[in-house]
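Colleague: Using only what follows, build the 3D model:
(one chain, ligands or ions: 1)
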Amino acid sequence: MFKKPKRKVHRVFIHCSASDRPEHDNIETIRQWHLARGFSDVGYHYFIRKDGTLQMGRSLEKIPAAQKGHNRHTIAICLHGLKIEKFTDAQKKTLLELCRTIDAAYDSISFHGHCEVSAKACPVIDYRTVLDLDMYGSLGRKTDALENITQKRPEALPELRLGSRGEAVAYLQQLLFIRTDGIFGPQTSRAVKAFKKAHDLYPSDIVKSYVWRLLMENETHSP
Ligand SMILES: [Zn+2]
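Modeller: Numbers count the residues shown, from 1 in each chain. The predicted structure follows:
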């Protein structure tokens, strides 16, 4: 179903085919549409039929032609459908399984709807609920991360590093008193290194449970 491509991938985009017609419910039709538009092949890597069948589109080694201006470092998945009530549970199940498989292959990857980078309604379905995304597009971690943060269990918080995203990163940034955007970038990296150095730890930017514990203690003790 999924073999990690050699090219870099940071984001996965979800699309819909903008049709509910049964004769369009296959990758071949979409391929013909895209060829007619002058693409070299179908723009998506995956197509999910109404019955939940997963079909392969263009090679994962190729950049998709799916989100104008935002194709590099992405994977594109299309579900057959247009009206929100016409998408099936079988499709959502396949989407979730596929996204979980992709997520497991990467340290840091986020999931998005086409609508996040265009004025379109695509993919129409509530992909955030289906995939249990947090506000940064991290998959299926919203509930866990928030719960572990609320309960202040450093041992249960995820290991973070440059490139990590999500609620846990936002919490880390709060603890470091830096800008909270949920993305572990160079500024967060510098702040983590400085914090570790100040606590006589090897100043790498990897945040493991002992670093979480120190950060939380630090929070409790500060005025
Ligand atoms: Zn789209």
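
Colleague: hey, where'd the helices end up in the chain?
Modeller: Ranges of helices in the chain, per DSSP state H, are 27-36, 89-104, 127-131, 142-150, 167-175, 186-198, 209-221.

Colleague: As CSV, those helices with distance to the ion would be great.
Modeller: Any C-beta I mention is one placed from the backbone N, CA and C, and that applies to glycine too. CSV is the format used below for the helices of the chain (distance: least, C-beta to the ion, whole Å):
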stretch, distance to the ion
helix 27-36, 11
helix 89-104, 14
helix 127-131, 11
helix 142-150, 24
helix 167-175, 26
helix 186-198, 31
helix 209-221, 38
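
Colleague: okay, the ones you listed, which one's buried deepest?
Modeller: helix 167-175 (a mean of 21; mean count of other C-beta atoms under 10 Å).

Colleague: angle of it against helix 209-221?
Modeller: Counting by axes from the mean of the first three to the mean of the last three C-alpha atoms, to 10 degrees, helix 167-175 lies at 40 degrees to helix 209-221.

Colleague: Pull the distance from helix 167-175 to the chain's centre.
Modeller: Offset of helix 167-175 from its chain centre (C-alpha atoms, centre = their mean, to the nearest Å): 18 Å.

Colleague: what do you get for stretch 183-201?
Modeller: Taking mean C-alpha positions (C-alpha atoms, centre = their mean), stretch 183-201 and its chain are 24 Å apart.

Colleague: now what about that stretch, what contacts it?
Modeller: 108, 136, 160-165, 169, 172-173, 176, 178-179, 202-207, 211, 214-215, 218 (C-beta atoms under 8 Å, 6 or more residues apart in numbering).

Colleague: about what we covered before: weakest of the helices of the chain by average pLDDT?
Modeller: Lowest mean pLDDT of the helices of the chain: helix 142-150, a mean of 60.

Colleague: any chance of the helices of the chain in CSV, with distance to Gln55 too?
Modeller: Below are those laid out as CSV (distance: least, C-beta to C-beta, whole Å):
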stretch, distance to Gln55
helix 27-36, 4
helix 89-104, 10
helix 127-131, 19
helix 142-150, 29
helix 167-175, 34
helix 186-198, 39
helix 209-221, 42
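
Colleague: so what's the residue nearest to the spatial centre of the chain up against?
Modeller: Residue closest to the mean C-alpha point of the chain, counted by C-alpha atoms, centre = their mean, is Ser110 at 1.6 Å. Shown in contact with Ser110 (C-beta under 8 Å, 6+ apart): 10-12, 136-139, 165.

Colleague: what do you get if the cut-off is 6 Å, keeping everything else the same?
Modeller: 11, 137-138, 165 (C-beta atoms under 6 Å, 6 or more residues apart in numbering).

Colleague: Narrow the contacts of stretch 183-201 to just the buried residues.
Modeller: 108, 136, 160-162, 164-165, 169, 172-173, 176, 205, 207, 211, 214-215 (16 or more other C-beta atoms under 10 Å).
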